[in-house]
Structure formats: C-alpha cells, structure tokens
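Student: Generate coordinates for the sequence data below:
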Amino acid sequence: MLPAQKRKFRERLLKWYAQHGRDLPWRHTRDPYHILVAEIMLQQTQVDWVLPKYQEWLVKYPTMEDLAEAPLADVKKTWYPLGYNIRPVRLHSIACDSVARYGGSLPRAPEELLAFKGIGRYTAGAIRAFAFHEDAPILDTNVRRVLQRIFVGGGQPKKTQSTALWNLSQAMIPKGRGYDFNQALMDFGATVCTARKPYCLLCPMKDFCKTYPFDLRG
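Tutor: Predicted coordinates:
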C-alpha cells in the first residue's frame, strides 16, 4: 500500500465519521464493563435490537459485581430476546472471573483480557480501544469487509488470511486516534460499505477502492 493511499483513507474516513458517525450510548462511556456488555450484545445482533436491552441490562446489573452476584437463570432471562444464548453465560462467567481475579475490574493488558473465557481478539481490542483509548486494532465483520474490499480486492473477506487483515487494521490506525478510527471503520462498514448493497457512488474511497464498482456476483 502506498503511503499516500494510506493517508487518504485515514483522512477521508475520519472526516466521514465526523459528519455521519452514529450516536450510540456505549460511545458515551469509558467504563470497561459497560463497553464489554455492548460488545458481547452486538455480536451477530443488529444495533436496533441491542439499544433497549443494553439500557435495561445496565439498570439491572450496573456493575460487574452486580452481574456476578446474580443467579445465572435470571441473567439468561434478562438477556431475552437477543438470542445466541451462550453469550449471557459467557458474560456472567467473565463477571465472576473479574470479581475473583481483579476485584470487579477488567485489565488492559491484551494477554490478561484474552485469558477470560468469552473474550477473543476482537473483544479484547475493542475494550482496549474504547475503554482505555489505546491504539488497538479490531477486526469484526464490518471492518474485515471494508479492508478486504478497499485494499485487497477480489474474493470474500472470510477467505482472506486473517493475519494479513489484522496487520492491516493495526497499520492503518493514526497514532493516538484508535478510538475514533475504529468506531469510524465499524460505522462505515455498517452504513456505506454494506454486505449486499454498498453505496459505492457515495463512497469517499471509490477512486482507490480495489473492488469499485462492487458486484455481488464477483
């Protein structure tokens, strides 16, 4: 990738985000627990479904200690109707481990975050970037799709070597801007560079995107 291309992408993405970024409740907190709840809820679930449940959850379980002390049956009931019901079990387990090992806090070191059952590389990166404001990379479905289409080209994102996309995600972060840049990447993938009908004509990256104009059949 040419340095000029990298610079263009960063500048245009952050400019787009300043104008079009979504106003979401978990973007108004730096509480690692609140961000963890949002990230677990958002796994394979649309934002519109998560918004009311996120608020309800934090009223009922405002801290990691509150969640750890709650009976698992109640936690699973509160989770309904989000689905993928292993997620509340994992979240409850993380809360119990957090209380036992860190007094109800989440550590910021990646190896310590990854030691929790239920926190993978993406969730660890999101906690580091959004709670601790570190320049940590993320690679969810939206980010993977954006990076694949713009910088790699043909083929489906899942078939591209994950290590290469993780490295690209890390390399693209402007120093000290990991929070905004990662949020921008996710919003861009969710609202412009969408899975089936991307808004290519409105895309600020189209002059150097390797799949423009996008064809689903390709």
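Student: what bits of this protein have low per-residue confidence?
Tutor: Along the chain, the model assigns pLDDT under 70 to residues 1, 155-160, 216-218.
Student: Please report the distance of the residue of the chain most remote from its centre from residue 31.
Tutor: Seen from the C-alpha centroid of the chain, the residue lying at the greatest distance (CA atoms, centre = their mean) is residue 71, 28.1 Å away. Going from residue 71 to residue 31 by CB to CB, to the nearest Å gives 23 Å. C-betas here are computed from N, CA, C, even on glycine.
Student: Repeat that for residue 87.
Tutor: As judged by CB to CB, residue 87 and residue 31 stand 19 Å apart.
Student: ok, and what's touching stretch 100-112?
Tutor: Residues outside stretch 100-112 that contact it (CB atoms under 8 Å, 6 or more residues apart in numbering): 32-33, 36, 63-65, 68, 98, 113, 124-125, 127-128, 131-132, 134, 136.
Student: Can you say which of these are buried?
Tutor: 32-33, 36, 64-65, 68, 98, 113, 124-125, 127-128, 131-132, 134, 136 (16 or more other CB atoms under 10 Å).
Student: any idea which of those residues is closest to residue 51?
Tutor: Nearest to residue 51 among the buried ones among the contacts of stretch 100-112 is residue 36, at 16.6 Å by CB to CB.
Student: Let me know the helix or strand that that closest one is in.
Tutor: helix 32-42 (DSSP states H and E).
Student: and the helix or strand that comes right after that helix, how far from the chain's centre?
Tutor: For helix 32-42, the following helix or strand on the C-terminal side (DSSP H and E) is helix 47-60. A distance of 17 Å separates the centroid of the chain from that of helix 47-60, by CA atoms, centre = their mean, to the nearest Å.
Student: mind listing what's buried in helix 47-60?
Tutor: Here helix 47-60 shows 50, 53-54, 57-58 as buried, counting by 16+ other CB under 10 Å.
Student: Residue 212: which of those is nearest?
Tutor: So of those, ranked by how close each gets to residue 212 (CB to CB), first place is residue 50, at 30.9 Å.
Student: Which parts of the chain are strands?
Tutor: Remark: strands of the chain are absent; assignment by DSSP state E.
Student: Would you state the helices of it in chain order?
Tutor: 3-20, 32-42, 47-60, 64-69, 72-79, 86-102, 110-114, 121-130, 141-147, 162-172, 178-191 (DSSP state H).
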